[in-house]
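J.: starting from these lines, generate the structure:
(one chain, ligands or ions: 1)
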Amino acid sequence: MAFDSYTLRNQFPILQQTAYDYPLAYLDNAATTQKPLLVLDAIQDYYRSFNANVHRGAHFLSDRATNHFEQARERVANFINAPENSHVIWSKGTTEAINMVAYGLEHLLEKDDEILITSLEHHANLVPWQQLAFRTGARLRVLPLTSNGEWEPEYQKYFTDRTRIFAATQVSNAIGVRTPLQTMINEAKQYNAFTLVDGAQAVAHYPVDVQAIDCDFYVFSGHKMYGPTGIGVLYGKSQALDVLLPYQTGGEMVRHVAYQATEFNILPYRLEAGTPHIDGAIGLAAACEFLAQQDRVALLDWEQKLANHVYTRLRKEGGIEIYSPEHETTLVSLSVPNIHTIDLNAYLDSKGVAVRAGSHCAHPLMAQLGVSGTLRASFACYNTLEEADQFCDVLLEAIEILADE
Ligand code: PMP
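T.: I've put the predicted structure just below:
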């Protein structure tokens, strides 16, 4: 049976509105997803019923808040199949989690060591490594992947005895391709490099098993998987987390403080300075619950079907460059020669279609594709075939109008 996105939509109050009197087609899910009632209610319940600071054990509400907060960690650990709850460190999101690792590993890097990333990375998985390289004298190297996410010939020469860190995205936010993750991780491990996977665009679509991937670090953001903004996860193997120097210091992450020295707390607290984003963690756990309630195979199939529907319709038209693959993707990324993607975006918006135009925080990838930006329609569990058609109809209308100008 096909995935029932039509019924599921009812769990998303924000989608029950029109935009400028047109049906609102929210197709900007790779930027952020909408939130189901389960998540909204969990956050409200926290503030209505047990808001207090955690880890103090000082009173009734604090105990309740602490219990819910640690249960949230457990829920998230289960969601990605982390072996222990303490392997889940809260962060603000993917960006902060990558910065935590880049900062935390700095003390292990020496001049001429190599940090390897791929050519499909979001700036969040590029700039922190580049800056780390500047600070340490290490070299940032870029493993070229084709725009189909395939290896360039001779890719193996990019992994060397000096490769200390290998960081790669699981799915490209800009063009939707999946990278050959497992082969890359296995290759990097032969050189004893630390491995980090950017799962920002993967967690909402693919069931993630960090033990099967066998990476040292796996990072993602709550807001791209139906959870709240301002919360994300740094998962790490214990030996990898153990060597990270804390990116921030202060309260909560300490066991004992004297003026001359500080004894840090155990994991996960050692890497979580200050009052945490309690409602964010609770909301993210509810988002994990929401996804766990879905038939993940049917859900992914549905999202891919919507992207494929758009691909097939637009392919027929000619004159549209499509950068995302035909199959196995949940988004369509395209450009139209001689029409600026920002103009297409504005026209689509005026008819109720929410998409994203621009470089998608991936300037080097755009340069590789030879464009300044693309127009991206990205699908989520609540999108419908009618919305996919609304996007195609309005886009074709826009092309006709704007091409004449
Ligand atoms: N990596 C990828 C692949 C992304 O798509 C994004 C968000 N667009 C990020 C990292 C950064 O995520 P955040 O802004 O939530 O930190």
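
J.: up against the ligand, what does the chain have?
T.: 93-95, 122, 124-125, 169, 173, 198, 200-201, 221, 361 (C-beta under 6 Å from any ligand atom). For glycine as for every other residue, the C-beta is placed from the backbone atoms N, C-alpha and C.

J.: centroid residue for this protein?
T.: Centroid-nearest residue in the chain: residue 200, 1.2 Å away (criterion: C-alpha atoms, centre = their mean).

J.: so that one is in contact with residue 218, correct?
T.: No. Residue 200 lies out of contact with residue 218 (C-beta atoms under 8 Å); the separation is 10.5 Å.

J.: hang on, residue 137 packs against residue 115?
T.: No. The pair residue 137 / residue 115 is not scored as a contact, 11.4 Å apart, by C-beta under 8 Å.

J.: between these two, tell me which one has more neighbours.
T.: Neighbour count, other C-beta atoms under 10 Å: between residue 137 and residue 115, residue 115 has more, with 26 against 11.

J.: pretty sure the more buried one sits against residue 165.
T.: Yes. Counting by C-beta under 8 Å, residue 115 touches residue 165, with 4.6 Å between them.

J.: which residues are common contacts for those two?
T.: The contact sets of residue 115 and residue 165 overlap at 109, 129 (C-beta atoms under 8 Å, 6 or more residues apart in numbering).

J.: about what we covered before: show me the two of the residues of the chain next to the ligand that sit farthest apart.
T.: The widest separation within those, taken as C-beta to C-beta, falls between 93 and 169 and amounts to 14.5 Å.

J.: excluding covalently adjacent residues, which one is nearest to residue 50?
T.: Spatial nearest neighbour of residue 50, excluding adjacent residues (C-beta to C-beta, 6 or more residues apart in numbering): residue 64 at 3.9 Å.

J.: how near is that neighbour to the ligand?
T.: Distance from residue 64 to the ligand, counting by C-beta to the nearest ligand atom, to the nearest Å: 29 Å.

J.: and the residue nearest to residue 161 when sequence neighbours are not counted, how many neighbours does it have?
T.: Once flanking residues are discounted, residue 161 sits nearest to residue 191: 6.4 Å by C-beta to C-beta, 6+ apart. When neighbours are counted by other C-beta under 10 Å, residue 191 registers 15.

J.: surely residue 191 touches residue 156?
T.: No. Using C-beta under 8 Å, residue 191 and residue 156 do not qualify as a contacting pair, with a distance of 10.5 Å.

J.: mean confidence for the longest helix along the chain?
T.: The longest helix of the chain (DSSP state H) is helix 296-317. What helix 296-317 shows for mean pLDDT is 97.

J.: again, but for stretch 110-130
T.: The pLDDT scores in stretch 110-130 average 97.

J.: before we move on, the earlier item: the residues of the chain next to the ligand into TSV, with extra columns for secondary structure?
T.: Listed next are the residues of the chain next to the ligand as TSV, based on DSSP: H, G, I helix; E, B strand; the rest coil:
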residue	secondary structure
93	coil
94	helix
95	helix
122	coil
124	helix
125	helix
169	strand
173	coil
198	strand
200	coil
201	coil
221	strand
361	coil
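
J.: pull the contacting residues for the nearest residue to the residue nearest to the centre of the chain once chain neighbours are set aside.
T.: Nearest residue to residue 200, sequence neighbours excluded (C-beta to C-beta, 6+ apart): residue 94, at 4.3 Å. Each residue near residue 94 by C-beta under 8 Å, 6+ apart is listed here: 124-125, 198-200, 219-221, 232.

J.: any idea how far residue 295 is from residue 94?
T.: 26 Å (C-beta to C-beta, to the nearest Å).

J.: distance of the residue in the stretch 301-405 of the chain that the ligand sits nearest to from residue 31?
T.: Closest contact between the stretch 301-405 of the chain and the ligand, by C-beta to the nearest ligand atom, is at residue 361 (5.9 Å). From residue 361 over to residue 31 the distance is 10 Å, taken as C-beta to C-beta.

J.: what segments of the stretch 51-200 of the chain are strands?
T.: Taking DSSP state E, counting those that start in this stretch, the strands of the stretch 51-200 of the chain run over residues 88-91, 114-118, 139-143, 163-169, 194-198.

J.: quick one, which of those strands is packed in tightest?
T.: strand 194-198 (a mean of 27; mean count of other C-beta atoms under 10 Å).

J.: and the residue nearest to residue 50, what does it touch?
T.: 49-50, 52.

J.: please redo it, this time with the cut-off set to 10 Å
T.: Residue 64 makes contact with 46, 49-52, 54, according to C-beta atoms under 10 Å, 6 or more residues apart in numbering.

J.: mind pulling the model confidence for it?
T.: 96.

J.: likewise for residue 405?
T.: Predicted confidence (pLDDT) for residue 405: 66.

J.: can you give me the strands in the stretch 251-400 of the chain?
T.: 254-257, 262-264, 321-322, 331-335, 353-354, 356-358, 374-378.

J.: which parts of the second one are buried?
T.: Put plainly, it is strand 262-264. Residues residue 264 are the ones in strand 262-264 that count as buried (16 or more other C-beta atoms under 10 Å).
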